[in-house]
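Engineer: A predicted structure for the sequence below; I have some questions about it.
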Amino acid sequence: MKLFGTDGIRGVVNEFLTPEIAFRLGNAVGKIVGGKVFVAKDTRISGDMLEAALIAGLTSSGSDVYKCGIMPTPALALITKLEESAGIMISASHNPPEYNGLKVIFRGYKLPDEIEEKIEQEMKEVKYLPFNKIGKVIEYKFAEEEYSNYVRNLYKDLDLTGVKLLVDVANGATYKLNPSILKSFGASVEVINNEPDGVNINAECGSTHPESARGRLKEGYIGVLYDGDGDRCIFIDEQGEEVHGDKILGITALEMKKEGRLNNNTVVLTILSNMGLEKYLKENDINTVRTKVGDRYILSEMIHSDYVLGGERSGHIIFLDRSTTGDGLITTLEILNVLTKIGKSLSELSKVIPDYPQVMLNIKVKNKEIYKNEIVSNRIKSIKDYRVIIRPSGTEPVIRILVEGPDYKKSNEIANEFYEIIETLMREE
């Protein structure tokens, strides 16, 4: 069974993700990397258990472990870059509390597939070193300070006096750090969902449940919503409307172009990014490139082609001249930087970016390759003015149908037509 998915090893705790897997991963990383390894976690109840197993694995194979405690993923990524070392984040990001995950980071970046495959091979055989060569465990008390200082220095000229923020930290890893940094820039900050108990992370709150913040938004405030490990951020504008990742990309791309920061005048999107965003950027003489779904594919394209801005509708945005990974806090500060410079409201900036209606349908199949059938591909080619994406799920026996265009009713008709085509093809197999 393959352990690594699109974002490390992730699954339901003690069903798929066990202490043994954590131990073996630590042992394997220790064998390959050696030296010091930084370990951080989010607020899930299973974090302590997995951390203990991971540390045992790392130290047994000779690595010194620097414990960072509860900290967002982007903060750990930054520390591994500054310290030129490896790190392991214990988090399942935006997933429910019963899930957890193990994400290996090296010098700021997630690992390429071939290194993950090597680690998975090494996990099959545990290596124990003699007692005098095992690693030590160090409480790394400077972790938050190191990240905070870096972020404050990046935006040293930003003054948020008068800006009112409702910050939803999703009972997750950002519950202390992000609000304190935002306050340090002068913003008035009201924090919600900031009492983690180990089982309430992402539970009806944060970026995956914007209705929580929307219901508590006061006049004159804008909402800032993070996920469990702080690598995503979306907003609720002062009128209560969601400002998702596509809108964030549109707003920040224009400002980055003005500042001369938008390398090669290009923004990296995924195949699921909205056509409206692409149209808006084109009208403003900004190019777009699309990748497969997943931040690792976005990052790969950015590094390969020297781009600095890319992201997903979910709010996972990468500012590569600021951070090596998606960072919810940096996304927040980039948007607030635009607001303070331009002097417009978030709703004014958001509304000029079109958001075409999308219809998404899932159909259960026995053979996921059926979407490659000529009947399906020929029909896709014949459709004009609407975007049709049909792709297999990476984790379920499901084919996903996405149709997007200017009219919702028409998009819905097209999506249902493809549903029926695939159903017919299945019956004929």
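Structural biologist: Received, thanks.
Engineer: Kindly provide the distance from the one residue sitting closest to the centre of the chain to Lys133.
Structural biologist: Central residue of the chain (CA atoms, centre = their mean): His316, 4.0 Å from the mean position. His316 sits 40 Å away from Lys133, going by CB to CB, to the nearest Å. For every residue, glycine as well, the C-beta is placed using N, CA and C.
Engineer: Verify the stated contact: the residue nearest to the centre of the chain with Arg296.
Structural biologist: No: contact criterion CB atoms under 8 Å: His316 and Arg296 do not qualify, at 10.5 Å.
Engineer: what does stretch 275-287 rub up against?
Structural biologist: Under the contact criterion CB atoms under 8 Å, 6 or more residues apart in numbering, stretch 275-287 has outside partners 246-247, 249-250, 253-254, 257, 262, 264-267, 269, 288, 352-356, 387, 404-405.
Engineer: Pull out the buried members of the residues you listed.
Structural biologist: 246-247, 249-250, 253-254, 257, 262, 266-267, 269, 288, 353-356, 387, 404-405 (16 or more other CB atoms under 10 Å).
Engineer: taking those residues one by one, which sit in helices?
Structural biologist: Asp246, Lys247, Leu249, Gly250, Ala253, Leu254, Lys257 (DSSP state H).
Engineer: quick one: which of these is nearest Asp168?
Structural biologist: For those, the closest approach to Asp168 (CB to CB) belongs to Lys247, at 17.4 Å.
Engineer: Quick check: chain neighbours aside, which residue is closest to the closest one?
Structural biologist: On the basis of CB to CB, 6 or more residues apart in numbering, the spatially nearest residue to Lys247 that is not a chain neighbour turns out to be Ser350, at 4.9 Å.
Engineer: what about that neighbour, distance to His304?
Structural biologist: 30 Å.
Engineer: I'd like the next helix or strand past the helix or strand harbouring Phe38.
Structural biologist: In this assignment (DSSP states H and E), Phe38 forms part of strand 36-41. Using DSSP H and E, the helix or strand that follows strand 36-41 in sequence is helix 47-60.
Engineer: so what's the residue nearest to Glu242 when sequence neighbours are not counted up against?
Structural biologist: If the residues on either side of it in the chain are set aside, Glu242 comes closest to Pro210, at 5.3 Å by CB to CB, 6+ apart. Contact analysis of Pro210 by CB under 8 Å, 6+ apart lists Gly223, Leu225, Ile234, Ile236, Glu242.
Engineer: The second one contacts Ile236, doesn't it?
Structural biologist: Same thing as Leu225. Yes: at 6.9 Å, Leu225 and Ile236 qualify as touching, with contact defined as CB under 8 Å.
Engineer: Pick out whichever of those two has more residues nearby.
Structural biologist: Using other CB atoms under 10 Å, the more surrounded residue of Leu225 and Ile236 is Leu225, with 30 against 26.
Engineer: Could you count how many residues lie near Glu369?
Structural biologist: Neighbour count for Glu369, taken as other CB under 10 Å: 9.
Engineer: who does the helix or strand hosting Met426 touch, helix- and strand-wise?
Structural biologist: If you go by DSSP H and E, Met426 is part of helix 408-428. Helix 408-428 makes packing contacts with strand 358-364, helix 374-382, strand 387-392, strand 398-404 when contacts are defined by 3 or more CB pairs under 8 Å, 6 or more residues apart in numbering; DSSP states H and E.
Engineer: in the stretch 201-350 of the chain, which spans are helices?
Structural biologist: Per DSSP state H, counting those that start in this stretch, the stretch 201-350 of the chain carries helices over the ranges 211-214, 245-259, 275-283, 295-305, 328-342, 346-351.
Engineer: What average pLDDT does the last one get?
Structural biologist: Meaning helix 346-351. For helix 346-351, mean pLDDT rounds to 97.
Engineer: same thing with stretch 85-97?
Structural biologist: 96.
Engineer: distance between the ends of that stretch?
Structural biologist: Across stretch 85-97, the terminal residues are separated by 29 Å (CA to CA, to the nearest Å).
Engineer: Give me the buried positions along it.
Structural biologist: Those would be Ser85, Ala86, Gly87, Ile88, Met89, Ile90, Ser91, Ala92, Ser93, His94, Asn95, Pro97, for stretch 85-97 by 16+ other CB under 10 Å.
Engineer: Out of the residues you listed, the closest to Asn416 would be?
Structural biologist: Taking the buried residues of stretch 85-97 together and measuring to Asn416 by CB to CB, the closest member is His94, at 29.1 Å.
Engineer: looking at it, the closest one is touching Cys205, isn't it?
Structural biologist: No: counting by CB under 8 Å, Cys205 is not a contact partner of His94; they are 11.0 Å apart.
Engineer: residue contacts, Val268?
Structural biologist: Thr288, Val289, Arg290, Thr291, Ile298, Glu301, Met302, Tyr307, Leu309, Gly310, Gly311.
Engineer: What's opposite the third one in the beta bridge?
Structural biologist: Think Arg290. Beta-bridge pairing for Arg290 (DSSP bridges): Leu269.
Engineer: Return the residues in contact with it.
Structural biologist: Arg290 neighbours (CB under 8 Å, 6+ apart): Val268, Leu269, Thr270, Ile271, Ser273.
Engineer: Quick check: pLDDT value at it.
Structural biologist: Looking at Arg290, the pLDDT reads 96.
Engineer: so how far is Gly310 from it?
Structural biologist: 10 Å.
Engineer: Mutual contacts of the two, please.
Structural biologist: Going by CB under 8 Å, 6+ apart, residues that sit against Arg290 and also against Gly310 are Val268, Leu269.
Engineer: The least confident helix or strand in the chain by mean pLDDT pairs with which strands, parallel or anti?
Structural biologist: Here the helix or strand of the chain ranked lowest by mean pLDDT, DSSP states H and E is strand 4-5, holding a mean of 86. Looking at strand 4-5 with DSSP bridges, its partner strands are strand 8-12 (antiparallel).
Engineer: Quick one: low-confidence residue ranges for this structure.
Structural biologist: Under the criterion pLDDT under 70, the flagged ranges of the chain are 1, 394-395.
Engineer: hmm, back to that, more crowded one of Ser350 and His304?
Structural biologist: Ranked by neighbour count (other CB under 10 Å), Ser350 and His304 place Ser350 first, with 23 against 8.
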